[in-house]
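Student: what would the 3D arrangement of this be:
(one chain, ligands or ions: 4)
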Amino acid sequence: MPSVNVYRVKEMFYSLQGEGAQSGRASLFCRFSKCNLWTGREQDRADAVCNFCDTDFVGTDGQNGGTFDTPQALANAIKVLWDAGIEAAGGTTTTADSNKTKPYVIFTGGEPLLQLNEVLVDEMHLLGFEVGVETNGTRPAPKGIDWLCVSPKADAEVVLMQCNEIKLVFPQPLAKPERFEHIKAQHYFLSPMADPLIIAGRDEKKATNMRLATDYCLAHPQWRLTLQMHKILGID
Ligand SMILES: C[S@@+](CC[C@H](N)C(=O)[O-])C[C@H]1O[C@@H](n2cnc3c(N)ncnc32)[C@H](O)[C@@H]1O
Ligand SMILES: Nc1nc2[nH]cc(C(=O)O)c2c(=O)[nH]1
Ligand code: SF4
Ligand SMILES: [Mg+2]
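Tutor: Residues are numbered from 1 along each chain as shown. Ligands and ions are numbered 1, 2, ... in the order given. Okay, the predicted model is just below:
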């Protein structure tokens with residue numbers, strides 16, 4: 001497991017989970033910097049193992065980004081942003097329903113398993129959070145994660161053999177769905193690949209890939225379709 005002196009975070013934001021089985025759930029996203037499958041620099045994209053990334057994860061200059069010297073410092077910052085997110089949306093953190101639905105943090109990136117470690121997971125649990133992770137599956141995961149989403153990339157080796165959901169960006173010539181059907185998961189999703197360079201507006205590539213993913217799911221009922229709902233809604 002990574003022994004981290006300083007957590008490097010690109011951005012943190014309150015939104016709805018836009019992908020997978022938890023779609024629609026209020027979540028505090030903590031986007032770690034750095035990835036092991038792409039430098040994040042456009043000039044390196046073509047030669048990267050993962051060459052379709054739709055995310056800027058370079059540096060710590062995003063919204064609420066920065067460096068955090070201890071797991072407690074990062075966990076507390078996440079809690080503050082969660083509460084602020086609910087208040088800003090007109091809710092309150094003391095309503096009855098807040099006792100039923102736990103606060104939810106999604107560690108993503110970049111590749112979060114380069115930095116997420118057990119002490120930080122434990123700190124989030126101490127603050128009453130459920131912990132979700134979006135990972136490319138190439139690194140071992142710390143104990144205690146409540147919802148693990150594995151999203152395989154190209155021919156990168158997936159070392160996680162069990163998770164809550166597989167969410168495969170589709171189509172990837174080097175990552176055919178059948179390569180991941182042996183991984184134990186509750187859900188197997190295909191997510192149509194978006195054109196990484198189109199932030200808003202008509203994404204022709206995505207439209208084509210939505211058709212391809214739909215046809216694949218109709219022919220292979222083990223796989224379900226998930227869309228990036230946040231892009232449709234125009235939210236973070
Ligand atoms: C930016 S990644 C960060 C987490 C982790 N590195 C991973 O790849 O799962 C978050 C999610 O966005 C998905 N994603 C990245 N680029 C995409 C694209 N162009 N189209 C659709 N999904 C994409 C990834 O597959 C992953 O499920
Ligand atoms: N709303 C929203 N949902 C997401 N699900 C996974 C995301 C990611 O970039 O990890 C993401 C994201 O960036 N925004
Ligand atoms: S593995 Fe994830 S963070 Fe890394 S480049 Fe690919 S999609 Fe982006
Ligand atoms: Mg995203």
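Student: so what does residue 107 have for phi and psi?
Tutor: Torsion angles at residue 107 (phi, psi; degrees, to the nearest 10) stand at phi -80, psi 120.
Student: near ligand 2, which residues of the chain?
Tutor: Residues of the chain lying close to ligand 2 (CB under 6 Å from any ligand atom) are 15, 16, 17, 18, 19, 29, 55, 108, 134, 230, 236. To be clear about C-beta, it is placed using only N, CA and C from the backbone, and glycine gets the same treatment.
Student: switch to 5 Å and redo it
Tutor: Counting by CB under 5 Å from any ligand atom, the positions of the chain adjacent to ligand 2 are 15, 18, 19, 108, 134, 230.
Student: for the fifth one, helix, strand, or coil?
Tutor: Spelled out, that is residue 134. The three-state assignment at residue 134 reads strand, by DSSP: H, G, I helix; E, B strand; the rest coil.
Student: if it is in a bridge, with which residues?
Tutor: residue 149 (DSSP bridges).
Student: residue contacts, it?
Tutor: Contact analysis of residue 134 by CB atoms under 8 Å, 6 or more residues apart in numbering lists 19, 106, 107, 108, 109, 112, 149, 151.
Student: before we move on, what about the last one?
Tutor: The contact partners of residue 230, taken as CB under 8 Å, 6+ apart, are 15, 16, 18, 19, 236.
Student: which of those residues are buried?
Tutor: For the contacts of residue 230, a neighbour count by 16 or more other CB atoms under 10 Å gives the buried set as 15, 18, 19.
Student: how about the first one: what's its closest non-neighbour residue?
Tutor: In space, residue 15 comes closest to residue 236 once its chain neighbours are excluded; the distance is 4.5 Å by CB to CB, 6 or more residues apart in numbering.
Student: the one you found and residue 31 touch, don't they?
Tutor: No - with contacts counted by CB atoms under 8 Å, residue 236 stays clear of residue 31, the gap being 9.9 Å.
Student: find residues that contact each of the two.
Tutor: Counting by CB under 8 Å, 6+ apart, the residues touching both residue 236 and residue 31 are residue 13.
Student: out of the contacts of residue 230, which comes closest to ligand 3?
Tutor: Minimum distance to ligand 3 across these is 11.7 Å, recorded for residue 19 (CB to the nearest ligand atom).
Student: quickly check: the host helix or strand of residue 10 near ligand 1 or not.
Tutor: Using DSSP states H and E, residue 10 sits within strand 7-16. No - using CB under 5 Å from any ligand atom, strand 7-16 never reaches ligand 1; the gap is at least 10.4 Å.
Student: buried ones in that strand, by neighbour count?
Tutor: Residues 7, 8, 9, 10, 11, 12, 13, 14, 15 are the ones in strand 7-16 that count as buried (16+ other CB under 10 Å).
Student: same list (the residues you listed) but as TSV, adding pLDDT and distance to residue 80.
Tutor: Conversion of the buried residues of strand 7-16 to TSV gives the following (pLDDT from 0 to 100; distance: CB to CB, whole Å):
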residue	pLDDT	distance to residue 80
7	98	15
8	98	19
9	98	14
10	99	18
11	99	15
12	99	10
13	98	13
14	98	11
15	98	16
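Student: center of the chain, which residue is that?
Tutor: Computing the C-alpha centroid of the chain and ranking residues by CA atoms, centre = their mean puts residue 134 first, at 3.2 Å.
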